[in-house]
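Trainee: Only the shape, not the letters, is given here:
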Ligand SMILES: O=C(O)CCC(=O)C(=O)O
Ligand SMILES: [Fe+2]
C-alpha cells in the first residue's frame, strides 16, 4: 500500500514529465490555456489610515461586492511575514519521511496532519496538485505539543505569527460588525476560538491547463486570512462569471468571507468562490489562517439581522455538524444550510 510520504505530490512530481490521469480535471473544471487573462483586480484596503469610519466602509463594501480583498499596513511586521513564508517553504522542502514524521506527534492523528491533494483524498475522484500541512493554532497554545519541531524555529515563528493573525482577524471582524450594525464583540470567544493554519505547497506541474491546485470552493470559515507567495501567482476569485487573479502584493494579506459568516449575517455577506491554478515553472506556497468556532457552538443568523420581513434563511446547526456536512457534501453543502 502507498504510504503518505510516497503519496505527497512533491515526492513524485519532479520525476514525472506528464500529469497522471488521476490528476486530470474533467473538461468543465480545467483552467485550459489562458490566452486572455482578466485584468480586473480585487479591492486593496489600507488599514493604516486615520479615518476609521472610512476604512470600515471600504471593508464592508469589498466584503459585499467581492467577498475578497487585500489589506496593507495591517500592523504585522515585514520580518515576521517573511520568516513565516520561509519556515513553511523550508518545511515543505524537507525529505518526505521527515515531514510525515513531524506531523505524527498526535497519537489520535487529529491535531496535526500532512496530506496530498485534499483531506478527502480517498473520496475525491480526481486529485489536486498540492500538499498541505495543517494544525490548530489557538492563541491559548492548546495542541502546540503536536506541531512540527523541524525546521528548528517552527514553533517559535508559527506561534508568533498565529498570535498576530488572531489579533488582525478580530480587528477585521470587529469592523464588519460595526459596518453591519452587530455587537462589536459578537465574534470574541466561542465563535472564533478554534483557528487552524493550513500551509499549502503547489509544486510545478508539467501541464497546468489540465490540473488544479485547489477546486472551486467557498471556505468553511468565518473569515480566512491568506498569506500568499510574494512572487508566484495561482489564486483566482470568481466574480460575475470571470476568474480574477489575486495579485501577489508584498506584505499584504488576502481576506475572504467564509460560509459561517454568510450564515451569521443571514446572507448579507456571501463567501466568494475561488480556486488555485498551477504553473509549470515555480513551486507556490501559501499560508491560510482559518477562523473557526468551537465545535459545540451553534451557528445561526444573528438576531439583529432577522425580523418578520427578513426571516432566517439558514438553519441553525453546531459548528461540528457544519464541518461534517462540509467534508461529506463538498460544494453541495449549501443545499443543507438553507432553512
Ligand atoms: O493557496 C491559496 O492561495 C488559497 C488557499 C485556499 O483557498 C484555502 O486554503 O481554502
Ligand atoms: Fe479557500
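Mentor: Right, received. Where do you want to start? A quick note: this is a predicted structure, and the numbers were derived from the prediction, not measured. Ligands and ions are numbered 1, 2, ... in the order given.

Trainee: longest helix anywhere in the chain?
Mentor: Longest helix of the chain, by residue count under DSSP state H: helix 154-180.

Trainee: Might one say that residue 157 is in contact with residue 82?
Mentor: No: if you go by C-beta atoms under 8 Å, residue 157 and residue 82 don't touch, sitting 10.2 Å apart. For every residue, glycine as well, the C-beta is placed using N, CA and C.

Trainee: Which residue of those two possesses the greater neighbour count?
Mentor: Each of residue 157 and residue 82 has its neighbours counted (other C-beta atoms under 10 Å); residue 157 has more, 17 against 13.

Trainee: Can you show me the strands along the protein?
Mentor: Assigned by DSSP state E, the strands in the chain fall at 44-46, 68-72, 113-116, 131-136, 196-202, 214-217, 223-228, 235-239, 242-245, 253-257, 274-276, 284-290, 298-299, 317-318.

Trainee: Distance to residue 152 and mean pLDDT for those strands - can I get that in CSV?
Mentor: Below are those laid out as CSV (distance: least, C-beta to C-beta, whole Å; pLDDT from 0 to 100):
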stretch, distance to residue 152, mean pLDDT
strand 44-46, 36, 98
strand 68-72, 31, 98
strand 113-116, 18, 97
strand 131-136, 16, 98
strand 196-202, 17, 98
strand 214-217, 30, 95
strand 223-228, 21, 98
strand 235-239, 30, 97
strand 242-245, 35, 95
strand 253-257, 26, 98
strand 274-276, 29, 98
strand 284-290, 19, 98
strand 298-299, 39, 98
strand 317-318, 39, 98
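
Trainee: Contact partners for the residue nearest the centre of the chain?
Mentor: Among the residues of the chain, the one closest to the centroid is residue 288, at 4.2 Å (C-alpha atoms, centre = their mean). With contacts defined as C-beta atoms under 8 Å, 6 or more residues apart in numbering, residue 288 is in contact with 197-200, 219, 224-226.

Trainee: Of those, just say which sits nearest to residue 277.
Mentor: Among the contacts of residue 288, residue 200 lies closest to residue 277 (C-beta to C-beta), at 12.9 Å.

Trainee: hey, what's that closest one bridged with?
Mentor: residue 132, residue 286 (DSSP bridges).

Trainee: before we move on, what about residue 276?
Mentor: residue 214, residue 235.

Trainee: didn't it look like it was pressed against residue 237?
Mentor: No: using C-beta under 8 Å, residue 276 is not in contact with residue 237, being 10.8 Å away.

Trainee: From residue 157, how far off is the nearest residue to residue 162 once chain neighbours are set aside?
Mentor: Among residues not flanking residue 162 along the chain, residue 137 sits closest, at 3.9 Å (C-beta to C-beta, 6 or more residues apart in numbering). Shown here: residue 137 relative to residue 157, a distance of 12 Å by C-beta to C-beta, to the nearest Å.

Trainee: coming back round to it: distance to ligand 1 added to the strands of the chain, as JSON lines?
Mentor: Converted to JSON lines, those look like this (distance: least, C-beta to the nearest ligand atom, whole Å):
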{"stretch": "strand 44-46", "distance to ligand 1": "16"}
{"stretch": "strand 68-72", "distance to ligand 1": "10"}
{"stretch": "strand 113-116", "distance to ligand 1": "13"}
{"stretch": "strand 131-136", "distance to ligand 1": "8"}
{"stretch": "strand 196-202", "distance to ligand 1": "5"}
{"stretch": "strand 214-217", "distance to ligand 1": "5"}
{"stretch": "strand 223-228", "distance to ligand 1": "5"}
{"stretch": "strand 235-239", "distance to ligand 1": "4"}
{"stretch": "strand 242-245", "distance to ligand 1": "11"}
{"stretch": "strand 253-257", "distance to ligand 1": "7"}
{"stretch": "strand 274-276", "distance to ligand 1": "5"}
{"stretch": "strand 284-290", "distance to ligand 1": "3"}
{"stretch": "strand 298-299", "distance to ligand 1": "18"}
{"stretch": "strand 317-318", "distance to ligand 1": "21"}
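
Trainee: Which of these sits closest to residue 124?
Mentor: strand 214-217 (8.6 Å).

Trainee: what's next to that closest one, contact-wise?
Mentor: 29, 118, 128, 130, 200, 238, 273-276, 330-331.

Trainee: cool, stretch 79-92 as well?
Mentor: 10, 99, 102, 131, 133, 148, 150-151, 153-154, 157-158, 160-161, 164, 199, 201, 227, 229-230, 251, 283, 285, 287.
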